[in-house]
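K.L.:
From the sequence below, what's the structure:
(one chain, ligands or ions: 1)
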Amino acid sequence: MKTFESLFREGCLILETAGIEEARLDAWLLLEYVTGKNRAWYFAHSDELVQEEEAGQYKELCRKRSCHIPLQHLTQNACFMGYDFYVDENVLVPRQDTETLVEEALKLLKDQQEPYILDMCTGSGCILLSILKELPDAGGVGADLSEAALKVAEKNAERLQVQDRVFFTHSDLFSGEYFTQNSSKKQTEYDMLISNPPYIATEEIQKLMEEVRLHDPYIALDGKEDGLYFYRSITAQCSRYLKPGGWLLYEIGYDQGTSVSDIMKKAGFVHVNVKKDLAGLDRVVLGQKKKREEQNV
Ligand code: GLN
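P.N.:
Residues are numbered from 1 along each chain as shown. All right, here's what the predicted structure looks like:
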């Protein structure tokens, strides 16, 4: 039997040898995941013995991580906006960069009563569900082309206990029945449309790190030829789903600020603005559908 310390060292070595970026951190997080022990406990008890079965499980997970399977797929958990989301190979792992998008949305919605939000390409549901957690009177719809992703989003809604305020629907952008049937006012009138669509140009995908290139779903990454397909398509179709004065918010790649702003301005959006993430890179474009009184000017 091994002590916690020697097992942890072994984990570090496996991951460092495989060239995993944050080897020590990942080795620690996997140890915490398998044994359920936190850091404070570990520092006081690192010379205690680890059960054989747990040690085996830990080494197996380190081996998988050394093959560049993302840590979050192994622990089936990703922290986003301070909430724990279930994730698996069917969804894009929520990124910290995307928190910038949620924060901008919250600023715009803070004084609005009962805002109703559409999250297009919802994936794990992380964007919409964290907005609903922050705004207890908000409701919304999440749409995605992937049925498997929608199952993950539904699971997350239950996990975060907001399932009564959200509805997930299968749709290739606006072509799904939910949008085309058009039977209720709610389906056509959103205060905000928010999206982190696939935005990597097809030929750039092969240059991404292995964790992303091989393990995030391809359809969650591929923004087609120049990476702008979804911005063009959503912007062109979304106006009839937004209330006058409603907001459209996108996450973008660091070099897409100007192109996406132009797409939105050409479609008639006003107050179009680019916002930066914590690294100082362009990350969000937002714009407002003209208010009723502005519409003829
Ligand atoms: N909306 C999800 C996220 O931001 C999924 C995005 C995607 O699949 N491109 O994580």
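K.L.:
Up against the ligand, what does this structure have?
P.N.:
Within reach of the ligand by Cβ under 6 Å from any ligand atom, the chain has these residues: 92, 94, 98, 121-124, 126-127, 196-198, 220. Every C-beta, even on glycine, is put in place using the N, C-alpha and C of the backbone.
K.L.:
try it again with 5 Å
P.N.:
Proximity of the chain to the ligand (Cβ under 5 Å from any ligand atom) is limited to residues 92, 94, 98, 121, 123, 126, 196, 198, 220.
K.L.:
From residue 222, how far out is the fourth one?
P.N.:
Spelled out, it's residue 121. Computed as Cβ to Cβ, to the nearest Å, the residue 121 to residue 222 distance reads 12 Å.
K.L.:
Who has more neighbours out of those two?
P.N.:
residue 121 (25 against 18; other Cβ atoms under 10 Å).
K.L.:
So the more buried one sits against residue 229, correct?
P.N.:
No. Shown here, residue 121 and residue 229 do not form a contact pair, counting by Cβ atoms under 8 Å, at 11.6 Å.
K.L.:
okay, how far is it across stretch 247-256, tip to tip?
P.N.:
19 Å (Cα to Cα, to the nearest Å).
K.L.:
Looking at that stretch now, give me its mean pLDDT.
P.N.:
Averaging pLDDT along stretch 247-256 gives 97.
K.L.:
Likewise for stretch 211-223?
P.N.:
89.
K.L.:
Mind listing residues that contact that stretch?
P.N.:
Outside stretch 211-223, the residues that touch it by Cβ atoms under 8 Å, 6 or more residues apart in numbering are 68-70, 73, 89-93, 121, 123, 145-146, 149, 197-202, 205-206, 208, 229-230.
K.L.:
Against the ligand, how distant is the nearest residue to residue 109 once chain neighbours are set aside?
P.N.:
Among residues not flanking residue 109 along the chain, residue 115 sits closest, at 4.8 Å (Cβ to Cβ, 6 or more residues apart in numbering). To the ligand, residue 115 is 18 Å away according to Cβ to the nearest ligand atom, to the nearest Å.
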